[in-house]
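Asker: Fold the following.
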Amino acid sequence: MGAYADAYRTSLTDPSAFWGAAARELEWFRPPATVLDDGAPPFYRWFPDGVLNTCFNAVDRHVRDGRGEQAAIEYDSPVTDTRCTLTYRELREQTARFAGVLRHLGVNKGDRVVIYMPMVPEAVVAMLACARLGAVHSVVFGGFAPRELAARIDHARPTVLVTASCGIEAKRIVEYQPIVEQALALADHRPRSVVLLQRPQAPATLRAGRDLDWHDALGEAEEVDCVPVAATDPLYILYTSGTTARPKGVVRDNGGHAVALRWSMRHVYDTHPGETMWTASDIGWVVGHSYIVYAPLLTGCTSVLYEGKPVGTPDAGAFWRVAAEHRVKTMFTAPTAFRAIRRDDPTGAHLDRYDLGALRYLFLAGERLDPETYSWARDRLGIPVIDHWWQTETGWPIAANPMGLEPHAARPGSATVPMPGYDVQVVDEAGQPTTEGQIVIKLPLPPGTLPTLWQDDERYVGSYLSAHPGYYLTGDGGYVDDDGYLFVMGRTDDVINVAGHRLSTGAIEQVLAAHPAVAECAVIGVADELKGQLPRAFVVLKAGTEVDPGTLDAELKALVRERIGGIAALKRVDVVAGLPKTRSGKILRKTMRGIAAGTDEPVPSTIEDPSVLDALRPILARG
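Answerer: Next up is the predicted model:
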C-alpha cells in the first residue's frame, strides 16, 4: 500500500489517530485529549477540548524559534509600483499593536470585525490581529457595492469596521469612503468605530468621533498578547459568493482550520518552512484566507501578496515577473488567469524574459481546468500543473494531487484523488451509487471544513445535508474512473437535458477549448420547443486571431458532433469579447442562462466587471 492509500484509509477508518498526529504540528496552550466529538451528528466538532491561538502559531512562534528576520509577507503592487517586505518580527509587532488598537476600541474575544480593504499588507495585519484577540473577522471584498456591504454588516454585527480610502484596479481608482458611508446609512447595525488606512491615490476625510487613522492609531497603541481560545471557537466568517438578501456566512473554527491547513502545506503543496508560496488571488476569497494568509504563515513560509492582474499590469508577463523576482516555489491561481494569459500571449513569448528556475509547482483551482489550458501551462512551464478542487465551505482541497505525500500521474480534466478525511462518493438523485452524478462527501467532514453557518444551524442542514442524510452535498457533478481519479464536470445545475439525454456543459466546453482559435468559452442550456434544451456556446478568441465567424461556427459544431455525438448539437456559437466572471474567476453561467431565458436575473455582487455582462446582454437575448 502506497503512502497516499495508507494515509487515506487511516483518515477514514481511524480519524482520531490520523488527525491527532496532524495536530501535533501546532503549538497548543492545552493539547486536545479528544480529537473528534461525534456525539451530536450532523454537528461534528474537532479537538473540542483543545486550546490554542491561530495568530501565535502563524506569527509569534516563528519569531521565538528563530525566523524573525525571514520574510513573512512580500508585497508586490504593480498598480502602485510598490514593493515591500514584512519580516516575521515586523509582522508580529504590527499585528500585536493593531490588536491593541482593536482592544482599545472595545473588541474582545468573540466580537466581530468587518475588514473591507484592498490587497495591502495592512489587511493581513488586521486579520491576524483579530485572531490574536480571539475576535472573529469577516473580510468583504474592497469595492463591493454598498448594499452588499450593508447586508454583511447587519449579519455579522461588527464592533469595528476596518477599511481603506481606496482600492486600485488596473485602469481606475475605486474610492471606498462613499461606498462605506452608503453602506452604513443602509445598515441597521452601526459599528462603534471605523479604522481607515489612508492611501495617497485617493485620501478620505475622517469623520470626527467615529473614524481613526490607521497609522496614527497604530503609533499610539500598546502591544497585546495572544488570547487563548477553544479550538471550536470561530476564527472567521466568510460570506459565499453571490450572496444576496439573506447572507450565508460560512464559519471557520480555529483548531480544525489550523490543523488542516498545516497538513495540506506539507502533503498537498509540498511547501515547507522558509520556502515561498504565491497565491494569486484575493483575501476576500477563501483561497486568499487559506493560502495567502493562514497556511503559509502557519508553516513558516514566505507569502507573496500581489495587488495586480495576470494581464494588463502591465502585460501578459506579469505573473512570470513576480514568480521570478520573488523566487516562488509554489504558485496557486485560478484557471481563468491562465486563460487570460494564453489569450494575450498564445505562444508564451513573455516567458523568455524571466528566470523561473525556482518554480516547482503550479496549482490551479476555482473554475474547471480544461485540458487545453492545462496542456498549455504544462508545456510552457515544464513543471507539474496540478488541478485541484475545493470550495469556500471546505476551506482546503477536497481532491488534489498530493505532491508532498505521493505524487500521482496527472490526468487532464481530473482533480486527481480525494484528500484524507474526504469520503467522496458519486450518487444519483435518489442517493444511490452511480457512475456519474452528484458528488457528495460522507460525514463527518474533516477538520478545517465548515462546522455550520453563522447563527443558522437550520440553514446549514437545509443547504448542505438534507438532500442525502449523512452526506454533504457539494453541488458539483462528476464521476470517478476505474483508478479512483475524480473528474468534476461542473455544478449540477450546469447539466442540461437534450431530448432526454443528460449532457454536461463542461464536457462540451472541453471540446470547444481544444480548437486552436479559442482562448476560453462558456456553454449554457437554452429552451427548445422540440428537444427541451439545446446547448449554446460563447467563445473568446486568442489575441491576434482572425477567423471567419461562419467557418468557426461550422468547425466548432463539427467538433462537438464528432467528440460527443449528434445529440449535443450546438444551437449557435457566438464570438464575444469577454465572459462575465466573479472576482475569483468563475464564469457566471447561471446569470447568462437567466438572461437568455428572459427572466429578471439578479447580477451577483461578486461580478468583476459589469460592463462585460452588459455587452453580452443583447447577444444572450437573441435566443
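Asker: Alpha carbons only: can I get stretch 115-124 in PDB?
Answerer: Extracted as PDB, the C-alpha positions of stretch 115-124 are listed here (Å, rounded to 0.1, in the frame of the first residue of the first chain):
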ATOM      1  CA  ILE A 115     -12.500  44.100   7.100                       C
ATOM      2  CA  TYR A 116     -13.200  46.000   3.800                       C
ATOM      3  CA  MET A 117      -9.700  46.500   2.300                       C
ATOM      4  CA  PRO A 118      -7.700  46.100  -0.900                       C
ATOM      5  CA  MET A 119      -4.700  43.800  -1.300                       C
ATOM      6  CA  VAL A 120      -2.400  45.500   1.100                       C
ATOM      7  CA  PRO A 121      -0.300  44.200   4.000                       C
ATOM      8  CA  GLU A 122      -2.500  46.000   6.500                       C
ATOM      9  CA  ALA A 123      -5.400  43.800   5.500                       C
ATOM     10  CA  VAL A 124      -3.300  40.700   6.600                       C
END
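Asker: which outside residues touch it?
Answerer: Residues outside stretch 115-124 that contact it (Cβ atoms under 8 Å, 6 or more residues apart in numbering): 73, 75, 77, 84, 86, 91, 126-127, 130, 137-144, 149, 161-164, 166-168, 176, 180, 197, 199, 214, 282-283, 292-293, 305-307. For every residue, glycine as well, the C-beta is placed using N, CA and C.
Asker: Repeat the analysis, applying 7 Å as the threshold.
Answerer: When contacts are defined by Cβ atoms under 7 Å, 6 or more residues apart in numbering, stretch 115-124 is touched by residues 73, 75, 86, 126-127, 137, 139-140, 142, 149, 161-164, 167-168, 176, 180, 197, 214, 282-283, 293, 305-307.
Asker: And stretch 94-109, by the same measure?
Answerer: 55, 59, 113, 125-126, 128-129, 132-135, 159-160, 192-193, 195, 217-218, 221-224, 227, 229.
Asker: If we use 8 Å, what do you get?
Answerer: Against stretch 94-109 from outside (Cβ under 8 Å, 6+ apart): 55, 59, 86, 113, 125-126, 128-130, 132-135, 159-160, 192-193, 195, 212, 217-218, 221-225, 227, 229, 233.
Asker: Can you list the residue ranges for strands in the stretch 201-350 of the chain?
Answerer: 211-213, 229-230, 234-239, 249-253, 276-279, 302-306, 330-333 (DSSP state E, counting those that start in this stretch).
Asker: how about the ones you listed in a markdown table, adding mean pLDDT and mean neighbour count?
Answerer: Formatted as a markdown table, these follow (pLDDT from 0 to 100; neighbours: other Cβ atoms under 10 Å):
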| stretch | mean pLDDT | mean neighbour count |
| --- | --- | --- |
| strand 211-213 | 97 | 17 |
| strand 229-230 | 98 | 22 |
| strand 234-239 | 97 | 26 |
| strand 249-253 | 97 | 24 |
| strand 276-279 | 98 | 24 |
| strand 302-306 | 98 | 24 |
| strand 330-333 | 97 | 24 |
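Asker: These into JSON lines, with extra columns for distance to residue 343?
Answerer: Formatted as JSON lines, these follow (distance: least, Cβ to Cβ, whole Å):
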{"stretch": "strand 211-213", "distance to residue 343": "42"}
{"stretch": "strand 229-230", "distance to residue 343": "46"}
{"stretch": "strand 234-239", "distance to residue 343": "30"}
{"stretch": "strand 249-253", "distance to residue 343": "32"}
{"stretch": "strand 276-279", "distance to residue 343": "21"}
{"stretch": "strand 302-306", "distance to residue 343": "20"}
{"stretch": "strand 330-333", "distance to residue 343": "15"}
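Asker: Residue 270 is nearest to which of those strands?
Answerer: strand 330-333 (7.4 Å; Cβ to Cβ).
Asker: And the contacts of stretch 115-124, which of them are buried?
Answerer: 73, 75, 86, 126-127, 137, 139-140, 142, 149, 161-164, 167-168, 176, 180, 197, 214, 282-283, 293, 305-307 (16 or more other Cβ atoms under 10 Å).
Asker: Give me the subset of those lying in strands.
Answerer: 73, 75, 86, 137, 139, 161-164, 167-168, 197, 305-306 (DSSP state E).
Asker: Those: which two are farthest apart?
Answerer: 161 and 306 (24.7 Å).
Asker: How about residues contacting stretch 220-232?
Answerer: Stretch 220-232 has contacts (Cβ under 8 Å, 6+ apart) with 29-30, 32, 45-53, 55-56, 60, 93, 96-101, 103-104, 109, 132-134, 253-256, 451.
Asker: List only those of the residues you listed flagged as buried.
Answerer: 32, 45-53, 55-56, 60, 93, 96-101, 103, 132-134, 253-256, 451.
Asker: quick revisit: nearest to residue 260, of the strands of the stretch 201-350 of the chain?
Answerer: strand 249-253 (9.9 Å).
Asker: packing partners for that closest one?
Answerer: For strand 249-253, the packing partners by 3 or more Cβ pairs under 8 Å, 6 or more residues apart in numbering; DSSP states H and E come out as helix 146-156, strand 234-239.
Asker: wait, which of the ones you listed is closest to residue 547?
Answerer: helix 146-156 (39.4 Å).
Asker: what sits up against that closest one?
Answerer: Counting by Cβ under 8 Å, 6+ apart, 112, 114, 116, 136, 138, 140, 161, 179-180, 182-184, 186-189, 191, 237, 239, 243-245, 247, 249, 454, 605 sit against helix 146-156.
Asker: Can you mark which positions in it are buried?
Answerer: 146, 148-153, 155-156.
Asker: Point to the residue nearest the middle of this protein.
Answerer: residue 287 (3.1 Å; Cα atoms, centre = their mean).
Asker: how many other residues sit next to the closest residue to residue 416 other than its chain neighbours?
Answerer: Of all residues not flanking residue 416 in the chain, residue 401 sits nearest, at 4.1 Å (Cβ to Cβ, 6 or more residues apart in numbering). Residue 401 has 28 neighbours, counted by other Cβ atoms under 10 Å.
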